[in-house]
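Visitor: Provide a 3D model corresponding to the input given below.
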Amino acid sequence: MNELLWVQWFKALHLIFMVAWFAGIFYLPRLFVYHAESVEPKVHAQLKIMERRLLYFVTPFMVLTIIFGTGLIVLYGSAWLQFSTWMHWKLLLVAVLVIYHLYCFRLLKQFRDDQVTRSGRWFRWFNEMPVILLFAIIILAVLKP
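Guide: Here you go, the predicted model:
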């Protein structure tokens, strides 16, 4: 397989897993909002199951997004990376998103243990962070400023 075909496959897989990751990372904080605002024990029990399953389901998508993104960087080469300042910003934003994702594990544990101290309003703001990060990452990747 020639190098261009490898790049195309890695790019396609990177995008597929990125979309799947974002689908989950958009929905999980919404579940946190519902959980924080509910007072029904049965609802809490159901949301705990949904939150855990969703986070563990989308985590491999995060890992695969990073693997194929790293593969693209390797295929493009270090000289390309050195002069692609936009990519440095994109990688910084992806690092923030990974921290966000990992922080969701902490929140998951707090919900599981009924130790959440944040309000539904806080979780509504928390829910918006991946949207803002997605906009910035896509703009960087497409416009390459």
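Visitor: any idea how far the helix or strand of the chain with the lowest mean pLDDT is from the middle of the chain?
Guide: Sorting the helices and strands of the chain by mean pLDDT, DSSP states H and E puts helix 78-83 at the bottom, at a mean of 92. Helix 78-83 sits 25 Å away from the centroid of its parent chain (CA atoms, centre = their mean, to the nearest Å).
Visitor: so after that helix, what's the next helix or strand?
Guide: Next helix or strand after helix 78-83 toward the C-terminus (DSSP states H and E): helix 85-112.
Visitor: check which helices and strands that next one sits against.
Guide: helix 3-37, helix 41-76, helix 120-143 (3 or more CB pairs under 8 Å, 6 or more residues apart in numbering; DSSP states H and E). Yep, even glycine has a C-beta here, placed from its N, CA and C like the rest.
Visitor: so it versus helix 120-143, what angle?
Guide: Between helix 85-112 and helix 120-143, the angle comes out at 160 degrees (axes from the mean of the first three to the mean of the last three CA atoms, to 10 degrees).
Visitor: can you tell me the SS state at Gln115?
Guide: Using DSSP: H, G, I helix; E, B strand; the rest coil, the structure places Gln115 in coil.
Visitor: and it, how many neighbours does it have?
Guide: By other CB atoms under 10 Å, the residues close to Gln115 number 8.
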